[in-house]
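Visitor: only geometry, no sequence info:
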């Protein structure tokens, strides 16, 4: 069973940057990978997703221009670079696997993903 592990979260001041990483004990190159986040009292929301085939990406509208998702299949790692962090970015960030046949415009639906990590906390505060 794929077990995903996120890392790279932390406490950062507004305007700062973080790079989150997602890796696993099994190869992830077959899957599209999504990053989600969940703030206290809010629903889990999709942040970004990257294809397994051609590197194409989707982003949630509110993070476009500040967030970049990328993957390094040689390192079996998917990254989420977040710049110009805002207090509203504070959340637990998760990565998850998406079967390639489901990659598309509905990428933001959590129920389509089959394996999840435990999350890494991002806190943006001065």
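Guide: Thanks, I have the structure now. These figures come from a predicted structure and were not determined experimentally. Numbering: from 1, shown residues only.
Visitor: who's in contact with residue 62?
Guide: Contacts here follow CB atoms under 8 Å, 6 or more residues apart in numbering; on that basis residue 62 touches nothing. (Glycine included, C-beta is placed from N, CA and C.)
Visitor: got the phi and psi for it?
Guide: Main-chain torsions, residue 62, degrees, to the nearest 10: phi -70, psi -10.
Visitor: and the strands in the chain, which stretches?
Guide: Using DSSP state E, the strands assigned to the chain run over residues 4-7, 10-12, 18-24, 32-38, 45-50, 57-59, 67-72, 77-82, 91-98, 115-116, 120-124.
Visitor: okay if I get these as TSV plus mean neighbour count?
Guide: Written out in TSV, the entries for those read as follows (neighbours: other CB atoms under 10 Å):
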stretch	mean neighbour count
strand 4-7	18
strand 10-12	14
strand 18-24	20
strand 32-38	24
strand 45-50	23
strand 57-59	18
strand 67-72	18
strand 77-82	22
strand 91-98	23
strand 115-116	18
strand 120-124	18
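Visitor: just tell me which of those strands ends up closest to residue 105.
Guide: strand 57-59 (7.6 Å; CB to CB).
Visitor: who are the neighbours in contact with the most centrally placed residue in the chain?
Guide: Most central residue of the chain, judged by C-alpha distance to the mean C-alpha position with CA atoms, centre = their mean, is residue 35 at 2.0 Å. When contacts are counted by CB under 8 Å, 6+ apart, residue 35 is found next to 20, 22, 46-49, 69, 78, 80, 93-95.
Visitor: residue ranges in the protein under the pLDDT threshold?
Guide: Where the chain drops to pLDDT under 70, the residues are 1-2.
Visitor: still on that earlier bit, any chance of the strands of the chain in CSV, with distance to residue 105 too?
Guide: Converted to CSV, the strands of the chain look like this (distance: least, CB to CB, whole Å):
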stretch, distance to residue 105
strand 4-7, 23
strand 10-12, 31
strand 18-24, 22
strand 32-38, 13
strand 45-50, 10
strand 57-59, 8
strand 67-72, 16
strand 77-82, 20
strand 91-98, 13
strand 115-116, 21
strand 120-124, 26
